[in-house]
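In: Need coordinates for the following:
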Amino acid sequence: MEELDVLVVGAGLSGIGAGYYLQAQCPGRTYAIFEGRSQLGGTWDLFRYPGVRSDSDMYTLGFAFRPWKEAKAIADGPDILRYLQDTAKAYKIDRHIRTGHRVEAAAWDSRRSQWIVTYRVEGEAEARQVACNFLHMCSGYYNYEQGYRPEFPGEAQFRGRIIHPQHWPQDLDYSGKRVVVIGSGATAVTLVPAMAQSAAHVTMLQRSPTYMVSRPAEDRFANVLRKILPSKLAYDLIRWRNVFLQLYFYNVTRKHPQKTKEALLERLRPLLPPDFDVATHLTPRYNPWDQRLCLVPDADMFEALSKGTASIVTDEIASFNETGLVLKSGATLEADVVVTATGLDMKLMHGVQLSMDGVPLILSDTFSYKGIMYSGVPNLSSTFGYTNASWTLKADLTAEYICRLMRHMDRHGLRECRPVNDDPNLAPAPWLDFSSGYVQRAMAAWPKQGTTAPWKVYQNYALDLLAFRFGKLEDGVMRFAKGRNPAGDPGAPAPTVTPTGAV
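Out: Numbers count the residues shown, from 1 in each chain. Below you'll find the model as predicted:
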């Protein structure tokens, strides 16, 4: 059986970043990146729907170590995928990526201080195994096989096409067609203006509105700065500016939700048709940042509304019929194509089955340590980005922190690290305090967070930066052990720490 020091699962933003930090900060450790799909890129390879783009600026969604050099700060999906491919090639990370390798299970063996990982290679009938001392999951937070897709009454009657954005059919020709996009999140807000360029008309059908913010796709200040300063210096300055702006805006929003709500809506009014009903169609029932804000680059959504090529209907679906949808208000929407932009199906670690010494591991019974590791579970980490800022900010910090842990272990001859919850009074809370439907549907199956550090998941890059880079590794919660090196005596029992992470 092949043995590695570190196995990274997933070759998207998180996995490629993890590969870089392992090479740069733990050069003595062997590693591989297993990717279940046929090529790297993760989200940016999977999603192919019209107009797919980032909903964060590329100066923070891009890697800290590799400057984003394109003019657009709000980038198109193909440009982001190319950035990931170029990064993997430039740093020779691609040599460690094994595509078509789908991880199915991972079993911790205390006798070896290793994870025994079961995986399948595309095209092979028999499963294989690989052993690793540290397992770093970078497989994202949603189900790649399917998105969230509620069933609607009467769908079988509909004579048109019903599609989900997660699996966009490349043969779909919607030019001159009537399109209804069900949903009001980032995907819907992206699809509507893109499809409106050639469709007869696009209607966004929503149960309730979402907060929208318009920003230029190009950051003029950033583009000027990149012309007068060295590329890396300009990138770092722009990145930090955007980080602080995000933190400031988020904090102001949470402290003054009503004023922020009014300000957000007021900024939209000049971009909309004079008779547009802002109260009905663009005023959410919740406060800003109870759900993620939708970014509208270059006001393209509002331009489509002003041109009349798109419209918004706020209502609920009663049923489909042969030619479209019947709404609960009694109104009808004629459609040739219906796009169900109804959200993601969250899936922790892509459903990999975990166990420890033959006992199934239920992560929903654990507390999350720093939002990275799990109480009572050794040498296992996962990446999960911010809800209020760019994913990569947290992914970079996570990879750096894991490298800190491994360097500490190497210096002291240690092979195991695990956070242990010794506080019987630690109160559990949901991993994410977010009202979005896709989050609420999933949280019961996810680990809990605590109400105090290091069990609390802070949605704050500045706090995490200090804790991950400069906080104590031996903090009284993270426990280390020498474990057993299988190259020595794999049959000997290993010193262990009893898992005590159950809620």
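In: all contacts plus neighbour counts: C-alpha atoms, from now on.
Out: Will do.
In: separation between residue 368 and residue 406?
Out: 19 Å (CA to CA, to the nearest Å).
In: Neighbour count: the two, which is higher?
Out: Neighbour count, other CA atoms under 10 Å: between residue 368 and residue 406, residue 368 has more, with 27 against 24.
In: Which residue ranges of the stretch 401-503 of the chain form strands?
Out: For the stretch 401-503 of the chain, strands defined by DSSP state E, counting those that start in this stretch occupy the ranges 416-419, 429-430, 448-449, 478-481.
In: measure residue 359 to residue 107 for me?
Out: 9 Å.
In: ugh, typo on my part, it should be residue 482
Out: 19 Å.
In: ok, the two, which is more surrounded?
Out: Each of residue 482 and residue 107 has its neighbours counted (other CA under 10 Å); residue 107 has more, 20 against 16.
In: need the contact list for that one.
Out: When contacts are counted by CA atoms under 8 Å, 6 or more residues apart in numbering, residue 107 touches 115-117, 354-358.
In: so what strands line up beside the helix or strand that contains it?
Out: Using DSSP states H and E, residue 107 sits within strand 101-109. Here strand 101-109 has these sheet partners by DSSP bridges: strand 114-121 (antiparallel), strand 353-356 (parallel).
In: right, and the helix or strand after the last one?
Out: Scanning forward in sequence from strand 353-356, with DSSP H and E defining helices and strands, the next element found is strand 359-360.
In: what packs against the lengthiest helix in the chain?
Out: In terms of residue count, the longest helix belonging to the chain (DSSP state H) is helix 231-255. Contacts defined by 3 or more CA pairs under 8 Å, 6 or more residues apart in numbering; DSSP states H and E place helix 231-255 against helix 58-61, helix 220-228.
In: and the last one, C-alpha only, in CSV?
Out: When you say that, I think you mean helix 220-228. Output of helix 220-228 as CSV, limited to C-alpha atoms (Å, rounded to 0.1, in the frame of the first residue of the first chain):
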residue,chain,number,x,y,z
ARG,A,220,-10.1,51.2,-11.6
PHE,A,221,-7.9,52.1,-8.6
ALA,A,222,-6.4,48.6,-8.6
ASN,A,223,-5.7,48.7,-12.3
VAL,A,224,-3.9,52.1,-12.0
LEU,A,225,-1.9,50.8,-9.0
ARG,A,226,-0.8,47.8,-10.9
LYS,A,227,0.7,50.0,-13.6
ILE,A,228,2.8,52.1,-11.2
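In: on that earlier part again, most tightly surrounded among the helices and strands packed on helix 231-255?
Out: Comparing these by mean neighbour count (mean count of other CA atoms under 10 Å), helix 58-61 ranks first with a mean of 24.
In: residues making contact with that one?
Out: By CA under 8 Å, 6+ apart, helix 58-61 touches 67-68, 73-75, 235, 238-239, 242-243, 390-393.
In: from the chain's centre, how far out does that helix sit?
Out: Between the centre of helix 58-61 and the centre of its chain there are 14 Å (CA atoms, centre = their mean, to the nearest Å).
In: still on that earlier bit, so which of the helices and strands packed on helix 231-255 comes closest to residue 448?
Out: helix 58-61 (26.4 Å; CA to CA).
In: What count of nearby residues applies to residue 423?
Out: Number of residues near residue 423 (other CA under 10 Å) recorded here: 10.
In: how close does it get to residue 438?
Out: From residue 423 across to residue 438, the span is 31 Å (CA to CA).
In: next one: phi and psi at residue 178?
Out: phi -90, psi 120 (degrees, to the nearest 10).
In: Equivalent analysis for residue 92, please.
Out: Backbone geometry at residue 92, expressed as degrees, to the nearest 10, gives phi 60, psi 20.
In: ok, it - contacts?
Out: For residue 92, the contact set (CA under 8 Å, 6+ apart) is empty.
In: How confident was the prediction at it?
Out: Note on residue 92: pLDDT of 98.
In: Domain map for this structure?
Out: Following automatic domain parsing, the chain resolves into domains at 2-144+346-481, 155-340.
In: Distance from the chain centre to the first one, please.
Out: Yep, that's domain 2-144+346-481 we're talking about. Centroid separation between domain 2-144+346-481 and its chain, computed with CA atoms, centre = their mean, is 11 Å.
In: can you tell me the distance between the two ends of that domain?
Out: 24 Å.
In: How many neighbouring residues does the residue lying closest to residue 252 once chain neighbours are set aside have?
Out: Residue nearest to residue 252 in three dimensions, not counting chain neighbours: residue 260, with 7.6 Å by CA to CA, 6 or more residues apart in numbering. By other CA under 10 Å, the residues close to residue 260 number 18.
In: Show me which residues of stretch 444-451 are buried.
Out: In terms of neighbour count (16 or more other CA atoms under 10 Å), stretch 444-451 has its buried residues at 445-450.
In: hmm, I was thinking of stretch 229-238
Out: Of the residues in stretch 229-238, those buried by neighbour count under the rule 16+ other CA under 10 Å are 232, 234-236, 238.
In: Would you convert those residues into JSON lines that also reports pLDDT and distance to residue 412?
Out: Shown next, in JSON lines, are those (pLDDT from 0 to 100; distance: CA to CA, whole Å):
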{"residue": "232", "pLDDT": "93", "distance to residue 412": "35"}
{"residue": "234", "pLDDT": "94", "distance to residue 412": "39"}
{"residue": "235", "pLDDT": "95", "distance to residue 412": "37"}
{"residue": "236", "pLDDT": "94", "distance to residue 412": "34"}
{"residue": "238", "pLDDT": "95", "distance to residue 412": "39"}
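In: would you turn the residues you listed into TSV with distance to residue 267?
Out: Listed next are these as TSV, based on distance: CA to CA, whole Å:
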residue	distance to residue 267
232	34
234	29
235	29
236	29
238	24
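In: what's the closest non-adjacent residue to residue 473?
Out: Among residues not flanking residue 473 along the chain, residue 405 sits closest, at 7.0 Å (CA to CA, 6+ apart).
In: typed the wrong thing, it's residue 106
Out: residue 117 (4.3 Å).
In: who does the one you found bridge with?
Out: Under DSSP bridges, the beta-bridge partners of residue 117 are residue 106, residue 130.
In: Quick check: it vs residue 336, distance?
Out: With distances taken as CA to CA, residue 117 is found 47 Å from residue 336.
In: what does residue 28 give?
Out: Distance, residue 28 to residue 336, using CA to CA: 58 Å.
In: quick revisit: between the buried residues of stretch 229-238, which is nearest residue 472?
Out: Distance to residue 472, by CA to CA, is smallest for residue 236 among the buried residues of stretch 229-238, at 26.2 Å.
In: how many neighbours does the residue nearest to the closest one when sequence neighbours are not counted have?
Out: In this structure, residue 236 finds its nearest non-sequential neighbour in residue 64, 7.6 Å apart by CA to CA, 6+ apart. Residue 64 has 18 neighbouring residues, counting by other CA under 10 Å.
In: got the contact list for residue 62?
Out: With CA under 8 Å, 6+ apart, residue 62 has these contacts: 68, 392.
In: Got the confidence number for it?
Out: 96.
In: Got phi/psi on it?
Out: Torsion angles at residue 62 (phi, psi; degrees, to the nearest 10) stand at phi -70, psi 170.
In: and what of the one 4 residues further on?
Out: Phi and psi for residue 66, reported as degrees, to the nearest 10, are phi -130, psi 110.
In: Let me know the distance separating it from residue 235.
Out: For residue 66 relative to residue 235 (CA to CA), the value is 9 Å.
In: Same question for residue 256.
Out: For residue 256 relative to residue 235 (CA to CA), the value is 31 Å.
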